[in-house]
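*Asks:* Sharing a model that was predicted from the sequence below.
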Amino acid sequence: MKPSQARGYILEYVVLKLLKEAGYVKVKPGHIRGRGAEHQIDAYGVLSIPTAFIYPIRLLSEAKFYKDPIELEIIRNFVGVIKDISENYFVNPSHKRNSLRFTDAGCIFSASPFDDSAQEYAWAHNIFLMSFSEIDSMKPIIDTIKLIVQYPGIVAILNDDGDNKQKRIIKIFEKIRKSITKADYPTLVVGILDNIYPVILVGKKGWINLIEPPEKKDVLEVIKDYRQDFPDPRLQNLNNKDHLYHIFHITIQKQPVEFNIPNFVAKKIFERIRRKKKIIAELQIPFIDKNQGKSVRRIITLDVKIPN
């Protein structure tokens, strides 16, 4: 096993755990049997928010922790995995194995960005890309994973021939992560940008719980502080217009939040944004309103505006 695989395992584990804490997914352990093979997706999520007219949404995810941008081959392989899993079901509900049906959604989490060919192929095959590159609130996690993979116990696992390496690596990670970093892990919230593309909003721990929900309408006004565009570092011309991704920094009721958009997706959305006058984008996020005496789940729209 390569160190990059170990880093990917830990990143996937941490991200799904944070999404579970936010109430977005119910994380399930275990491999998933496809039509032609069993696939090593050791943690997958079933969305907690039910949606009418479709089967429960199952989030099938992988995580990559490379130094360089993710290329087309990774996405192409993942598309094959999703297709194989989605085609393995039984119509007869009494069948013990794979009797439940899901609407499978594929997502790749990455510590690095995705190159243009990977973005284009993922868009065509409905695979969602979530890069945490240059997201300030995610740096404690990224730095922690880099250090932990160098820990002697994990290095020994990488070099031995034993089984269940992923579970053993995660077990060590849970034991030593608190002693390596004192920084609080962030809170992740999944939103939908302009009713098109899911994005992960990253902020300080508990930021979503500090938001006061609107009383009359499910709409909150949000200020866009600034946007960072990141060009492909492999290109010699640093002034090129071919960006890998765009990071938006916004403020929601004094809470600073960041989210990332792949460049290919941005091209599809920005033209719509330019037609708007004051509102440059809309974000829909799940929100648990605890002011109602009990947990009431709402969908709130964030109108992202340019500051005066």
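*Replies:* Received it, and whenever you're ready, just let me know what you need. Residues are numbered from 1 along each chain as shown.

*Asks:* okay, CA-based contacts and neighbour counts for the rest of this
*Replies:* Will do.

*Asks:* Around the residue lying closest to Q255 once chain neighbours are set aside, how many other residues sit close by?
*Replies:* Excluding the flanking residues, the one nearest Q255 by CA to CA, 6 or more residues apart in numbering is W207, at 6.4 Å. When neighbours are counted by other CA atoms under 10 Å, W207 registers 19.

*Asks:* What does W207 show for phi and psi?
*Replies:* phi -60, psi -40 (degrees, to the nearest 10).

*Asks:* any low-confidence regions in the chain?
*Replies:* Within the chain, the ranges that satisfy pLDDT under 70 run 28-30, 38-44, 49-50, 90-99, 179-183, 235-242, 270-279, 290-296, 308.

*Asks:* report the longest helix in it, please.
*Replies:* Determined from DSSP state H, the single longest helix within the chain is helix 3-21.

*Asks:* Which elements pack onto that one?
*Replies:* On a contact count with 3 or more CA pairs under 8 Å, 6 or more residues apart in numbering; DSSP states H and E, helix 3-21 meets strand 25-29, strand 43-47, strand 57-64, strand 103-110, helix 139-148, helix 165-180, strand 187-193.

*Asks:* Name the residues of it that are buried.
*Replies:* Residues 3, 5-21 are the ones in helix 3-21 that count as buried (16 or more other CA atoms under 10 Å).

*Asks:* relative orientation of that helix and strand 57-64 in degrees?
*Replies:* 150 degrees (axes from the mean of the first three to the mean of the last three CA atoms, to 10 degrees).

*Asks:* Figure out how far helix 3-21 is from the centre of its chain.
*Replies:* Centre-to-centre, helix 3-21 and its host chain are 10 Å apart (CA atoms, centre = their mean, to the nearest Å).

*Asks:* what does stretch 156-176 give?
*Replies:* Stretch 156-176 sits 24 Å away from the centroid of its parent chain (CA atoms, centre = their mean).

*Asks:* Please list the residues outside it that contact it.
*Replies:* Under the criterion CA atoms under 8 Å, 6 or more residues apart in numbering, residues 1-3, 6, 9-10, 13, 148, 153-154 lie in contact with stretch 156-176.
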